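K.L.:
Below is the structure, and that's it, no one-letter string:
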């Protein structure tokens, strides 16, 4: 494995095979859980299903369990929770909720990490617009990935979509390099200026995972040391993909097994 400037790993073709395998396992977990995200289910029940699938079906390891002390397999962030929501037997999903489920797996020393939004029943018009706009922002960021582009180009593309809809971009949390290390260089900000930041090279692998708020961008961490919410209690949404820089553009490593469905292809 080579490293570019700023210590960013450059993956070989053989290493990309391993990264792709782990990424596709993570994507498969989100496809598996989708039909279970219904009114009346607890977030802990969803967590149990994901853990069982990762361990007993995939033969992989839930990468979040024990990571910096985190107790669960997935992160379930409902409505005004920005990220890092902890599954709980006391939290029951209801009609109109929006929830992000974030999963990471480790297989043979390689990590896969992805998240997506789920709508429980029919959310409000605002909630649906936020969810779809955040997905559009993710796509815009991914489409900015190519050799010679910069991470500033990626962040600018994301923020442009958010600003068009008068949504705010969360700044405290960002995407990250990933491979044999769960969180590696580079940091991938979801805002920025064109032409600034790390210049992308083929073989770089990282996540793009924008968080948009319907209100102000400010967040706060709750007393559990994990759950992050919007300060103004406005709704928040997030999507995440793992992306590799290819010689002529990008590859979405965590592509959904069944396609993008009602959402536009990237």
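P.N.:
Done, it's in. All figures in this text were calculated on a predicted structure; none of them were measured in a lab.

K.L.:
Against residue 13, how distant is residue 124?
P.N.:
In this structure, residue 124 and residue 13 are 46 Å apart, going by Cβ to Cβ, to the nearest Å. No exception for glycine: its C-beta is placed from N, CA and C like everyone else's.

K.L.:
Looking at the two, which has the bigger crowd around it?
P.N.:
residue 124 (12 against 7; other Cβ atoms under 10 Å).

K.L.:
Chain neighbours aside, what residue packs nearest to the more buried one?
P.N.:
residue 96 (6.6 Å; Cβ to Cβ, 6 or more residues apart in numbering).

K.L.:
And the pLDDT for that neighbour?
P.N.:
pLDDT, residue 96: 98.

K.L.:
try the one 4 residues further on
P.N.:
Note for residue 100: predicted pLDDT of 99.

K.L.:
can you tell me which residues contact the spatially most central residue of the chain?
P.N.:
When Cα atoms, centre = their mean is applied to the chain, the residue found nearest the centroid is residue 240 (2.3 Å). Counting by Cβ atoms under 8 Å, 6 or more residues apart in numbering, residue 240 touches 102, 113-116, 138, 175, 207-209, 254.

K.L.:
Let's see that with 6 Å instead.
P.N.:
Going by Cβ atoms under 6 Å, 6 or more residues apart in numbering, residue 240 touches 114-115, 207, 209.

K.L.:
Top of those residues by number of neighbours, please.
P.N.:
residue 114 leads the contacts of residue 240 on contacts (other Cβ under 10 Å) with 28 neighbours.

K.L.:
Quick check: beta-bridge partners of it?
P.N.:
residue 103 (DSSP bridges).

K.L.:
Quick check: it vs residue 125, distance?
P.N.:
For residue 114 relative to residue 125 (Cβ to Cβ), the value is 27 Å.

K.L.:
Which single helix of this structure contains the most residues?
P.N.:
helix 13-33 (DSSP state H).

K.L.:
So which bits of stretch 252-266 are buried?
P.N.:
252-256, 263, 266 (16 or more other Cβ atoms under 10 Å).

K.L.:
Apologies, that question was intended for stretch 161-176.
P.N.:
Result for stretch 161-176 [16+ other Cβ under 10 Å]: buried residues 161-162, 167-170, 173-176.

K.L.:
Which ones among these lie within helices?
P.N.:
161-162.

K.L.:
Which of the buried residues of stretch 161-176 fall in strands?
P.N.:
168-169, 175-176 (DSSP state E).

K.L.:
can you list the weak-confidence ranges in this structure?
P.N.:
Counting by pLDDT under 70, the chain has low-confidence residues at 1-6.

K.L.:
All good on my end, thank you.
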